[in-house]
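1. output the structure for:
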Amino acid sequence: MVSSERVHRTVHSVEVDAGAGVVYGLISDAVQWPLYFPPNVYVERLEFDGRDERLRMWATANGEVRSWISQRLQDPQERRIEFHQTRPQAPVETMHGTWIVEERPGGTSRLTLLHDFTVVGDRPGDVEWVERACDSNSRAELDNLKRLAERWTRLDELVLSFEDSVRVKGPAELVYDFLYRVADWPDLIPHVSRLDLTEDSPGVQVMSMDTVTADGSAHTTESVRICFPHAGRIVYKQTATPALMEAHTGEWSLVPDETGVTVVSQHSVVLREEAVEQVLGPGADLAAARRYVRQALGRNSTATLNLAKQHAESAIRVL
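-> Coordinates of the predicted model:
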């Protein structure tokens, strides 16, 4: 069905000192966007046959967390990806767009992002809201993609992923309850000194948290968490990170079986190379930063896992 509202268009582009294949590879792997693109919180791939793709996406827009379903058509030969939102969130009525990667002389490339959209009732205030969201998010995505693509050969050094797990002899529901009730963490978790939480939509938590590291220093982070109680998963994206991290995403997941549940904490990080010596001291390198981040995040998440284990197992003993 074609909308009767006026179509609004935006165009954003950036020159990238990297090959077109590298740039296309980054935009084609939407599941990694929360780690690579500042506005994206979580992307769930629902269907993919190599060309046609259906995604459920969560992202920030003008300071709000929004969610929608997107259908994408990938064309790696032409290096184009067309998309449209099949379930847009008001005030958007329709949203279509195209990513276009063009080869340029000298092994460089140009990336263009087009948006065509309509707004319910075409109210000026709503049109301005969507235009502002498209502009700020597109600029953030293109700027960060340029930075990543131009460091492509070193991404393996800059990106760090790992997980920790504990075994709990208790029901998954009690473990999930502990992880979900994040507002109570300052009273339950020693390394959390402050936490402010808003949950305007069920299962979408926006939080600001102060944590204390092993050396006594404090860090303030801001995060968006998406909670899936029936799947036993909580995914999150830090929207304000400590100095050493350019990006940080993670997931708490529960894998139940006949005798209990395995609880896993997973982290993915992009290191901020220019902050390494500032944070860790003169002469520190990326290898030192990887070790530091692995230990710091692993220590805190393992402590949280063990407290969730204690919470579930002690509740069972009381019963």
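2. in the stretch 151-300 of the chain, which spans are helices?
-> Under the criterion DSSP state H, counting those that start in this stretch, the stretch 151-300 of the chain contains helices at 155-158, 172-180, 185-188, 276-280, 286-318.
3. most packed of those helices?
-> Among those, helix 172-180 has the highest mean neighbour count (mean count of other CB atoms under 10 Å), at a mean of 20. C-betas here are computed from N, CA, C, even on glycine.
4. now for that helix, which elements pack on it?
-> The contact analysis (3 or more CB pairs under 8 Å, 6 or more residues apart in numbering; DSSP states H and E) places helix 172-180 against strand 233-240, strand 245-256, strand 261-271, helix 286-318.
5. tabulate those (a markdown table), appending mean pLDDT.
-> Formatted as a markdown table, the helices and strands packed on helix 172-180 follow (pLDDT from 0 to 100):
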| stretch | mean pLDDT |
| --- | --- |
| strand 233-240 | 97 |
| strand 245-256 | 96 |
| strand 261-271 | 97 |
| helix 286-318 | 90 |
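6. and the ones you listed: which comes nearest residue 278?
-> Each of these was checked against residue 278 via CB to CB, and the shortest separation belongs to helix 286-318, namely 10.9 Å.
7. quick one, that closest one and strand 245-256 angle?
-> 30 degrees (axes from the mean of the first three to the mean of the last three CA atoms, to 10 degrees).
8. what's opposite the nearest residue to residue 239 once chain neighbours are set aside in the beta bridge?
-> Nearest non-adjacent residue to residue 239, counting by CB to CB, 6 or more residues apart in numbering: residue 222, 4.8 Å away. The residues paired with residue 222 through beta bridges, assigned by DSSP bridges, are residue 208, residue 240.
9. just the pLDDT for residue 222.
-> According to the prediction, residue 222 has pLDDT 95.
10. could you verify my assumption that it touches residue 210?
-> No - in this structure residue 222 lies outside contact range of residue 210 using CB atoms under 8 Å: 10.7 Å.
11. how far is stretch 26-42 from where the chain is centred?
-> For stretch 26-42, the distance from its own C-alpha centre to the chain's C-alpha centre is 7 Å (CA atoms, centre = their mean, to the nearest Å).
12. quick revisit: okay, the helices of the stretch 151-300 of the chain in CSV with distance to residue 42 next?
-> Putting those into CSV (distance: least, CB to CB, whole Å) gives the following:
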stretch, distance to residue 42
helix 155-158, 21
helix 172-180, 16
helix 185-188, 21
helix 276-280, 27
helix 286-318, 18
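13. residue 252 is nearest to which of those?
-> With CB to CB, the closest approach to residue 252 among the helices of the stretch 151-300 of the chain belongs to helix 172-180: 4.9 Å.
14. for the closest residue to residue 301 other than its chain neighbours, which residues are in contact?
-> Closest residue to residue 301 in three dimensions, ignoring its sequence neighbours and counting by CB to CB, 6+ apart: residue 265, at 3.9 Å. By CB atoms under 8 Å, 6 or more residues apart in numbering, the contact list for residue 265 reads 163, 164, 165, 250, 251, 252, 301, 302, 304, 305.
15. cool, residue 110 as well?
-> Going by CB under 8 Å, 6+ apart, residue 110 touches 13, 14, 15, 16, 101, 102, 104.
16. and for residue 155?
-> Contacts for residue 155 were tallied using CB under 8 Å, 6+ apart; they are residue 148.
17. so which strand or helix has residue 135?
-> When elements are assigned from DSSP states H and E, residue 135 belongs to helix 124-149.
18. in that helix, what's buried?
-> Of the residues in helix 124-149, those with enough neighbours to count as buried (16 or more other CB atoms under 10 Å) are 126-127, 129-131, 133-134, 136-138, 141-142, 144-146, 148-149.
19. report the rounded mean pLDDT for it.
-> Rounded mean pLDDT across helix 124-149 is 96.
20. mind giving me the packing neighbours of it?
-> Helices and strands touching helix 124-149, by 3+ CB pairs under 8 Å, 6+ apart, are strand 8-16, helix 20-28, helix 33-36, strand 52-61, strand 108-119.
21. pull the distance from the longest one to the chain's centre.
-> Using CA atoms, centre = their mean, the distance from the centre of strand 108-119 to the centre of the chain it belongs to is 21 Å.
22. so what strands line up beside it?
-> Take DSSP bridges as the rule and strand 108-119 pairs in its sheet with strand 8-16 (antiparallel), strand 92-104 (antiparallel).
23. buried ones in it, by neighbour count?
-> 108, 109, 111, 113, 114, 115, 117, 118, 119.
24. give me the domain ranges for the protein.
-> Here the domain assignment for the chain is 8-150, 155-318, based on automatic domain parsing.
25. relative to the whole chain's centre, how far out is the shortest one?
-> The chain centroid and the centroid of domain 8-150 are separated by 14 Å under CA atoms, centre = their mean.
26. just stretch 277-291 next, same as before
-> Stretch 277-291 sits 25 Å away from the centroid of its parent chain (CA atoms, centre = their mean).
27. cool, thanks, talk later.
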